[in-house]
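[1] sequence plus the predicted model coming up.
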Amino acid sequence: MRSLKAIIMASAIALTANAAFAADVKIGFVVKQAEEPWFQDEWKFAEQAAKEKGFALVKIGAEDGEKVQSAIDNLGAQGAQGFIICVPDVKLGPGIVAKATANDLKLMTVDDRLVGADGKPLEDVPHMGISAIKIGETVGQSIAAEIKKRGWDMKDVGAIRVSYDQLPTAVDRVEGAITALKAAGFPAENIYDAPQAKTDTEAALNAATTVLNKHSNIKHWIAFGLNDEAVLGAVRASESVGISADNMIGVGIGGAESAINEFKKPSATGFYGTVIISPKRHGYETALNMYAWIANNKEPEKLILTSGSLAVRGDYEKVRADLGIE
């Protein structure tokens, strides 16, 4: 009987100690554009992990290099043990690593991978990212299938490549789409570059409008880019120049709220679909991995790549549910 009581008491003490330790763990989650729905969702799922494990989560928005440096110092001053970051510029890599080391903080990246002075990935920093090329290929394959379904002749179709070549992920996504389109027989000479100044809808609209006005003889159009906002900008541009929804096929990436709202409109628009990437893994899983690294000294895998699923107007609710998105 005494032995049983001793076991129960020991277990209770261990549980209390573990709970106390979890309460002492503090993890930062730094994102480059805190107002964007994708990053809001990442934070939401990271908060779920924090609630489950009992650690403190510190959410910080840092849209430039100076604010990133300040955020890392802030976390160090708060007594955090590690942080996850999506950087505003991947070339900040060496400085971020140095600042994390100076503050004795474990470092993981999410979405965009840090690069060194030579432009190569910093492979020692654990990273969860998106298989950008594969997701781009899914976009291209989806567009090619819809072109065929509509009975268009590819030589008569114009493609708007909404580009943001400063970001390697953006380049990989659009190049993946182009590779798939070419494989399906789409002519390379019909692909027109629309460089955007920023990664938002307004910048994409301005860039796409220039292309559409320059090639006003083309009736059928397709559009692809870094994210949903890029493609929505191209769709808005097509509407502004009088191109009907049935003459535009835009496929975005991300499954953002803006894309879902487009599907909810009473009538279909030129925004045909989006390849939904689940923010749950990027928020929840990275937070759990960081916690395990701090609490159990279990270092995460160096590279984890996630994929996406095509969602269209008629099935987006099911796709979201399958990916764990409410």
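    Looks like it came in fine.

[2] please state the offset of the strand or helix carrying Ala321 from the chain centre?
    Here Ala321 sits within helix 316-322, counting by DSSP states H and E. Its chain's average C-alpha position is 17 Å from that of helix 316-322, according to C-alpha atoms, centre = their mean, to the nearest Å.

[3] buried sites along that helix?
    Neighbour-count burial for helix 316-322, with 16 or more other C-beta atoms under 10 Å as criterion, is recorded at 316, 319-320. For glycine as for every other residue, the C-beta is placed from the backbone atoms N, C-alpha and C.

[4] also stretch 285-297?
    285-291, 293-295.

[5] now do stretch 260-273
    Residues of stretch 260-273 classed as buried: 260, 262-263, 269-273 (neighbour count, 16+ other C-beta under 10 Å).

[6] also stretch 301-314?
    Result for stretch 301-314 [16+ other C-beta under 10 Å]: buried residues 304, 306, 308-312.

[7] thinking again about what came up before, what is the nearest of the buried residues of stretch 285-297 to Asn206?
    The nearest member of these to Asn206, counting by C-beta to C-beta, is Thr286 at 34.0 Å.

[8] give the other helices and strands that the helix holding Ala321 contacts.
    Secondary-structure packing of helix 316-322 (3 or more C-beta pairs under 8 Å, 6 or more residues apart in numbering; DSSP states H and E): helix 257-263, strand 271-277, strand 308-312.

[9] now it - C-alpha only, CSV.
    This file holds the C-alpha atoms of helix 316-322, laid out as CSV (Å, rounded to 0.1, in the frame of the first residue of the first chain):
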residue,chain,number,x,y,z
TYR,A,316,-13.1,24.5,-51.4
GLU,A,317,-15.0,23.7,-48.1
LYS,A,318,-14.1,20.0,-48.4
VAL,A,319,-10.5,20.7,-49.3
ARG,A,320,-10.1,23.0,-46.3
ALA,A,321,-11.7,20.4,-44.0
ASP,A,322,-9.3,17.7,-45.3
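
[10] check the average confidence over it, would you?
    Averaged over helix 316-322, pLDDT sits at 91.

[11] try stretch 299-313
    Mean predicted lDDT for stretch 299-313 stands at 93.

[12] which other residues reach that stretch?
    Here stretch 299-313 makes contact (C-beta atoms under 8 Å, 6 or more residues apart in numbering) with 108, 123-131, 134-135, 138, 142, 251, 253, 255, 263, 268, 272-278, 281-282, 285-286, 289-290, 292-293, 319-320, 322-323.

[13] ok, 6 Å please
    126-131, 134-135, 142, 263, 268, 273-277, 281, 289, 293, 319 (C-beta atoms under 6 Å, 6 or more residues apart in numbering).

[14] for the stretch 1-150 of the chain, which segments are assigned as helices?
    For the stretch 1-150 of the chain, the helices defined by DSSP state H, counting those that start in this stretch occupy 2-24, 37-53, 65-78, 93-102, 132-150.

[15] if the spatially most central residue of the chain is in a bridge, with which residues?
    The centre of the chain sits closest to Asp111, judged by C-alpha atoms, centre = their mean, with a distance of 5.4 Å. Asp111 has the following beta-bridge partners by DSSP bridges: Gly129.
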